[in-house]
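What shape does this take:
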Amino acid sequence: MTLKIINAALMIIAIFMGLKQGWAMLSGKSEMIAMFGKWNIGKTGLMVIGATTMLSALLIIFPKTFIWGNFLMAAGILMIICLHLLDRDLKGMAIELPFLLLNLIIIYLQHPLKG
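Next up, the predicted model:
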């Protein structure tokens, strides 16, 4: 029971962060445009990544799409980590790493409402 509560809290954090960052990408916040611009990802690409991030956050909510949502979110985070590593930006990579681990922990603990 305690693990289910912890996992539910971790899921809420992941969903909130996914929606928050996805919206920042989708709406074209200047920080996101600057970060993705250095990797030659334009506004349209940023909007697609933002929409995918928001979709993955919403998919995590439902037990039937839980794994797909976590997979999409982890893949997006892994892409950003790889882009940081291409620039030899270890600080940027280190910032993203806990979010990747969060998704992996949530997958390991499974959906709290799963029967």
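
neighbouring contacts of stretch 26-45?
Ala24, Met25, Leu46, Met47, Ile49, Gly50, Ala51, Met54, Leu83, Leu86, Asp87 (Cβ atoms under 8 Å, 6 or more residues apart in numbering). Using the backbone N, CA and C atoms, a C-beta is placed for each residue, glycine as well.

just stretch 14-22 next, same as before
For stretch 14-22, the external contacting residues (Cβ under 8 Å, 6+ apart) are 50-58, 60-61, 70, 73, 99, 102-103, 106.

Among those residues, name the buried ones.
50, 52-57, 60, 70, 73, 99, 102-103, 106 (16 or more other Cβ atoms under 10 Å).

so which of the residues you listed comes closest to Leu113?
Ile60 (11.7 Å; Cβ to Cβ).

quick one, what contacts the closest one?
The contact partners of Ile60, by Cβ under 8 Å, 6+ apart, come to Met11, Ala14, Ile15, Gly18, Phe66, Gly69, Asn70, Met73, Ile106.

in the helix or strand containing the fourth one, what's buried?
Counting by DSSP states H and E, the element that carries Gly18 is helix 2-26. Burial within helix 2-26, assessed by neighbour count using 16+ other Cβ under 10 Å, is assigned to 7, 10-11, 14-15, 17-18, 21-26.

now the angle from the following helix or strand past that helix to helix 2-26?
Per DSSP H and E, the first helix or strand lying C-terminal to helix 2-26 is helix 30-37. Here helix 30-37 runs at an angle of 80 degrees relative to helix 2-26 (axes from the mean of the first three to the mean of the last three Cα atoms, to 10 degrees).

rewinding a little: among the contacts of stretch 26-45, which are in helices?
Under the assignment DSSP state H, the contacts of stretch 26-45 contribute Ala24, Met25, Leu46, Met47, Ile49, Gly50, Ala51, Met54, Leu83, Leu86 to helices.

Apart from its chain neighbours, what residue comes closest to the most centrally placed residue in the chain?
Central residue of the chain (Cα atoms, centre = their mean): Met73, 3.9 Å from the mean position. Excluding the flanking residues, the one nearest Met73 by Cβ to Cβ, 6 or more residues apart in numbering is Ser56, at 4.1 Å.
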